[in-house]
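*Asks:* need a 3D model of the sequence below.
(chains A and B)
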Amino acid sequence: MPSTFFIPDPEGRTPSTEGYFGAFGGKFIPEALVAAVDEVAVEYDKAKSDPEFARELDALLAHYTGRPSALTEVPRFAEHAGGARVFLKREDLNHTGSHKINNVLGQALLTKRMGKTRVIAETGAGQHGVATATACALFGLECTIYMGEIDTRRQALNVARMRMLGAEVVAVKSGSRTLKDAINEAFRDWVANVDRTHYLFGTVAGPHPFPAMVRDFHRVIGVEARRQLLEQAGRLPDAAVACVGGGSNAIGLFHAFIPDEGVRLIGCEPAGHGIETGEHAATLTAGEPGILHGSRSYVLQDDEGQITEPYSISAGLDYPGIGPEHAFLKDSGRGEYRAVTDDAAMQALRLLSRTEGIIPAIESAHALAGALEVGKELGKDGLIVVNLSGRGDKDMDTAARYFGLYDTDAEVEDNASGTAEIEGDAK
Amino acid sequence: MSGNVRLLSDTLAAAKEEGRSALIAYLPAGFPTVDGGIEAVKAAIEGGADVVEVGLPHSDPVLDGPVIQTADDIALRGGVRIADVMRTVREAHAATGAPILVMTYWNPIDRYGVERFTAELAEAGGAGCILPDLPVQESALWREHAEKHGLATVFVVAPSSKDERLAEITAAGSGFVYAASLMGVTGTRASVSSQAEDLVRRTRATTDTPVCVGLGVSNPAQAAEVARFADGVIVGSAFVKRMLDAPDDAAGVEAVRALAGELAKGVRGQV
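*Replies:* From the prediction side, this is the model:
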């Protein structure tokens, strides 16, 4: 019986054997990691064609994660999007609250197959960390999560969740103390403990085979959305929209639509305080080709190859790199990437909450803000699918400070983005 | 002008003729300042180091432990540029005549341009580059230019490297082979890993190029231990730590000179 949820690239749009998507990708890793990364590639290749692996993963995705995730039309929200029809792919309804669990369960099964007993992972918003801690609890694996110190503060709820699940959470104090530094620290751990440790990488970046493997585990998002749209809307969308940090939820949504030339693939990068301020994490908009964390892609860097510190209100998008397949989609013209500011994302977060009763993650709110623009461009005949990659519970402290939702003034004094009035109605 | 790959090979060969290992010191450029870093490199050589690796500080030193991360941060905050790295190589080599290499992550060279970087390094009198995160498979362009400019290409091998891969790496490299004594990042360790000797033996089976051991070697006794089986002993974090711990920059330079002297005895078995 064919697999229901694990559908790795049936049309062979895989990277080259060296892991290249056009000019991007590859394997820029220290010699100490070569054997381990090669082992992941070999084991993944075996697993991919093993029906038993697909059966196990399918069962987990159905009965543990709760796949397929719903596709929800949001007409009251869509009134603000030029009248286009808008559907949300509800990855926020997965167990643990985001798309991250799709990849984590796949790699956790792989960890068992490799006979490793310990898992490490990086996390920005904490969603990948929570999903990893969850899978480690489920499979009885030792778990250490690296998280930038700034992110441990702005996503404190997820730190508590990871610890509740039995994971060790290490607050990383080097560099910009965000996602990139968490990845650096995870690599340092991996080099030292590679014998028994799998690095359960959380996005479609890193050295080959991670970009292709993580994508394969998330392909189900677009495969389901495509089928659901044909059932519920009777046609394919004009645009598929997703937020892009490292790019895992976006590639998950986009990939099944790549052959559908009429479907625009639109990634929304974090513009932070605005591209012109330099305080952003819009890698494809403002970056240059370079190497970060094991592969060649676009990178935010200076003229001598030093990585510049990114900024976004969203911990999950606060990253100066991007998966190599997105770099390829951008350069080939198949993908479009635009930048969405903190403020536009926060307005979209509140708008969806108040019009549809769905509180999205700040990451996903970047995609919603992008969809509002795209809807206006398409007009009332337009049809858009947005990947609602995660739910917003973890962001309530940030949102409460941003919008002044706490009762006392003291709670809002460190609002980084200045005051934002609560309006009677969302706009 | 051609780089000093030949000088590097001759220096390592001379140490071998003396029946000892060479002492190779690592110091980051721009730390604590560009001029202070140049003084430190000169002091390391005057104190007894045969070769120096000048580190090109990076924003994301994934293979370095806390000591070198701290030094890199200080150097970058001080505004160190690739031109400063080249000046460090030039002035240290001019003052001492010793072979000076650059150790760097790959992205700065990729961004700067391989042709430009190799030309400038050769012109500065550099002997080559150690490239810890550039795998052999991605190194063709670099090697073409390095060869053209007379620069060594030093690759790192690790205890996890399989024999057939060791052969591939040593066939592509030149100058010496950097054998990582253990699986881990840079930093001082209490003892030398038992994996080091085995790795040197397996590496030697694939090449006549000298094999030098680094990672975790910090004191004369460890240097003496490694010197028994390796062609060179590489010490980095211990030098940087002495500079970080020094009360001022001048004392830091003297601490480097003193440690180089102690280690130079170590590689001669005089412990």
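
*Asks:* what residues does chain A have near chain B?
*Replies:* Within chain A, the residues that sit near chain B (CB under 8 Å from any CB of the partner chain) are A:18, A:26-32, A:34-36, A:174-175, A:180-181, A:184, A:187-188, A:191-195, A:288, A:290-293, A:296, A:299, A:301, A:303-308. Bear in mind the C-beta positions are built from the backbone N, C-alpha and C, glycine included.

*Asks:* so how far is chain B from A:Lys48?
*Replies:* The gap separating A:Lys48 from chain B is 23 Å, by CB to the nearest CB, to the nearest Å.

*Asks:* give me the pLDDT value at that residue.
*Replies:* What the model reports as pLDDT for A:Lys48 is 93.

*Asks:* that one touches A:Ala212, doesn't it?
*Replies:* No: when contacts are counted by CB atoms under 8 Å, A:Lys48 is not listed as touching A:Ala212 (9.9 Å).

*Asks:* so for the two, which sits in the more crowded spot?
*Replies:* A:Ala212 (24 against 18; other CB atoms under 10 Å in any protein chain shown).

*Asks:* and the pLDDT at the residue of the stretch 251-400 of chain A found nearest chain B?
*Replies:* Nearest residue of the stretch 251-400 of chain A to chain B: A:Gly305, at 3.3 Å (CB to the nearest CB). In this model, A:Gly305 is scored at 98, pLDDT.

*Asks:* and A:Lys180, what element?
*Replies:* Using DSSP states H and E, the element containing A:Lys180 is helix A:179-193.

*Asks:* what helices or strands is that helix leaning on?
*Replies:* Counting contacts by 3 or more CB pairs under 8 Å, 6 or more residues apart in numbering or on different chains; DSSP states H and E, helix A:179-193 is packed against helix A:31-48, strand A:118-123, strand A:142-148, strand A:168-172, strand A:197-199.

*Asks:* run through who's touching the last one.
*Replies:* Meaning strand A:197-199. Identification of contacts with strand A:197-199 by CB atoms under 8 Å, 6 or more residues apart in numbering or on different chains yields A:36, A:40, A:107, A:110-111, A:114, A:116, A:118-121, A:186-187, A:189-190.

*Asks:* follow-up on the earlier one: got the CA coordinates for the helix holding A:Lys180 in CSV?
*Replies:* Presented in CSV, the C-alpha positions along helix A:179-193 are these (Å, rounded to 0.1, in the frame of the first residue of the first chain):
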residue,chain,number,x,y,z
LEU,A,179,19.1,30.9,16.3
LYS,A,180,22.4,31.0,14.4
ASP,A,181,24.4,30.8,17.6
ALA,A,182,22.2,27.9,18.8
ILE,A,183,23.1,26.1,15.6
ASN,A,184,26.9,26.9,16.1
GLU,A,185,26.7,25.4,19.6
ALA,A,186,24.8,22.3,18.5
PHE,A,187,27.5,21.7,15.8
ARG,A,188,30.2,22.0,18.5
ASP,A,189,28.3,19.4,20.6
TRP,A,190,27.9,17.1,17.6
VAL,A,191,31.6,17.2,16.7
ALA,A,192,32.5,16.1,20.3
ASN,A,193,29.7,13.5,20.7
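
*Asks:* run the angle between it and strand A:168-172 for me.
*Replies:* Put simply, helix A:179-193 runs at 120 degrees to strand A:168-172, going by axes from the mean of the first three to the mean of the last three CA atoms, to 10 degrees.

*Asks:* quick check: B:Ile234 is in a helix.
*Replies:* No: counting by DSSP: H, G, I helix; E, B strand; the rest coil, B:Ile234 is not found in a helix; it is strand.

*Asks:* show me the helices in the stretch 151-300 of chain A, by range?
*Replies:* A:156-164, A:179-193, A:210-218, A:220-232, A:248-254, A:283-286 (DSSP state H, counting those that start in this stretch).

*Asks:* got a markdown table for those helices, with mean pLDDT too?
*Replies:* Output for the helices of the stretch 151-300 of chain A, formatted as a markdown table (pLDDT from 0 to 100):
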| stretch | mean pLDDT |
| --- | --- |
| helix A:156-164 | 96 |
| helix A:179-193 | 94 |
| helix A:210-218 | 97 |
| helix A:220-232 | 98 |
| helix A:248-254 | 98 |
| helix A:283-286 | 98 |
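
*Asks:* ok, and which of those helices has the densest surroundings?
*Replies:* Neighbour counts (mean count of other CB atoms under 10 Å in any protein chain shown) averaged over each of those peak at helix A:248-254, with a mean of 31.

*Asks:* what does it contact?
*Replies:* Identification of contacts with helix A:248-254 by CB under 8 Å, 6+ apart yields A:89, A:91, A:98-100, A:102-103, A:202-204, A:214-215, A:218-222, A:225, A:240, A:242-244, A:265, A:267, A:323, A:325-326, A:329, A:335, A:363-364, A:385, A:387, A:389-390.

*Asks:* what about the residue nearest in space to the middle of chain B, which SS state?
*Replies:* In chain B, the residue lying closest to the centroid (CA atoms, centre = their mean) is B:Glu53, at 3.4 Å. Of the three states, B:Glu53 takes strand under three-state DSSP.

*Asks:* look up how far chain A lies from it.
*Replies:* Distance, B:Glu53 to chain A, using CB to the nearest CB: 16 Å.
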